[in-house]
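Participant: sequence unavailable; structure follows:
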């Protein structure tokens, strides 16, 4: 209930504060929205290139094969093997990860260890490649230097800690 | 860098398709992926423009300055090169991320990224500020994961929100790893051409 009100409340509060400060609120909204169009113009080409290749990875079965190969390693560091496909798709596709996560939760139960681990993984990670494409597109960056390795370290930390924390806390 | 990753992913997909016999679906998958990018762009477009509008109101009314003054001690430490424009956008990005407003976080994050990149004067090469911002945004900083809790509730969890502490610990660990590794890489990664 409170959650449902967050966005409308922010819009209302910002507009009210703007009027109180004698800002031409509507004009500012429109000017800002024009900036938004430029942002979109910058990111869509990068998204097209990335989502096309990610769609290939998914359809070809490469992601499933990688999940199968990583199973033993993951079991050793305490990541439930059932969560491996989720872990692999998470950096690539937000909606895909949500679909895989929902599937795990339905299959093993929301309150099972596996279901809880999947939920924590979903709730505490981001769609790394999507974010990367978005930001590089917007800022015109083609050489991303150490962005990917650093993001990878952060993602791996998140997955390992998620499995660890759900098992113990 | 992105070119190599792209090529690697495409090559892996083609090889895997040969292996699994899914070659027929590849062409369709490419078309679907490219098409979904446009759909995604369009579906983002409205909210991005709206939040950019809200940010403009916040900027003109001095609200974003108040917000960034509040977050400045932390952000100033993380982004020593940021000017006031970048700082305002960074503050909006971080606070929207904390509130779990992904749609609101993206536009301000992109503005900040663009600005940090301009300040650095790097053409096409990621500056340290840009890199840190992107890495931070690939880690999650959400206080209340609404979607996930809703998903759990719909599937019979006794207390859908009881994973919050786990999510916080995990997010904090991921964010710490993001910041520390970006800062360390910034020192050791080659600065030459």
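Facilitator: All right, it came through fine. Note that the structure is predicted; figures quoted are calculated from it, not measured.
Participant: skipping its backbone neighbours, what lies nearest residue B:59 in space?
Facilitator: Closest residue to residue B:59 apart from its sequence neighbours, by Cβ to Cβ, 6 or more residues apart in numbering or on different chains: residue B:88 at 6.4 Å. C-beta coordinates here come from the backbone N, C-alpha and C atoms, glycine included.
Participant: who's in contact with the one you found?
Facilitator: B:59, B:64, B:65, B:67, B:68 (Cβ atoms under 8 Å, 6 or more residues apart in numbering or on different chains).
Participant: let me see the confidence value for it.
Facilitator: The per-residue pLDDT reported for residue B:88 equals 87.
Participant: which element is it on?
Facilitator: Following DSSP states H and E, one finds residue B:88 within helix B:84-98.
Participant: continuing past that helix, what's the next helix or strand?
Facilitator: Following helix B:84-98 in sequence, per DSSP H and E, is helix B:102-120.
Participant: does that following helix reach chain A?
Facilitator: Yes - on the criterion Cβ under 8 Å from any Cβ of the partner chain, helix B:102-120 is in touch with chain A at B:104, B:106, B:107, B:109, B:110, B:111, B:113, B:114, B:116, B:117.
Participant: for the last one, give me its contacts.
Facilitator: Put plainly, it is residue B:117. By Cβ under 8 Å, 6+ apart, residue B:117 lies in contact with A:139, A:140, A:141, B:126, B:127, B:129, B:130.
Participant: cool, the first one as well?
Facilitator: Shown in contact with residue B:104 (Cβ under 8 Å, 6+ apart): A:7, A:10, B:47, B:51, B:54, B:92, B:96.
Participant: quick one, grab the pLDDT at the residue of chain A most remote from its centre.
Facilitator: Going by Cα atoms, centre = their mean, the residue of chain A most distant from its centre is residue A:22, 38.1 Å out. With respect to pLDDT, residue A:22 scores 92.
Participant: so residue A:74 is in which element?
Facilitator: Assigned by DSSP H and E, residue A:74 belongs to helix A:62-76.
Participant: ok now that helix, how far from the chain's centre?
Facilitator: Relative to its parent chain, helix A:62-76 has a centroid offset of 21 Å by Cα atoms, centre = their mean, to the nearest Å.
Participant: so which elements touch that helix?
Facilitator: Counting contacts by 3 or more Cβ pairs under 8 Å, 6 or more residues apart in numbering or on different chains; DSSP states H and E, helix A:62-76 packs against helix A:84-89, helix B:2-20.
Participant: touching chain A at all, stretch B:131-138?
Facilitator: Yes - using Cβ under 8 Å from any Cβ, stretch B:131-138 reaches chain A at B:131, B:133, B:134, B:135, B:137, B:138.
Participant: tabulate these (TSV), appending distance to residue B:146.
Facilitator: Formatted as TSV, the residues of stretch B:131-138 next to chain A follow (distance: Cβ to Cβ, whole Å):
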residue	distance to residue B:146
B:131	29
B:133	24
B:134	24
B:135	24
B:137	18
B:138	20
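Participant: with respect to residue A:61, which of those is nearest?
Facilitator: Nearest to residue A:61 among these, counting by Cβ to Cβ, is residue B:138 at 25.8 Å.
Participant: and the gap between the closest one and residue B:37?
Facilitator: 19 Å (Cβ to Cβ, to the nearest Å).
Participant: have a look at these two and say which one is more surrounded.
Facilitator: residue B:138 (27 against 23; other Cβ atoms under 10 Å in any protein chain shown).
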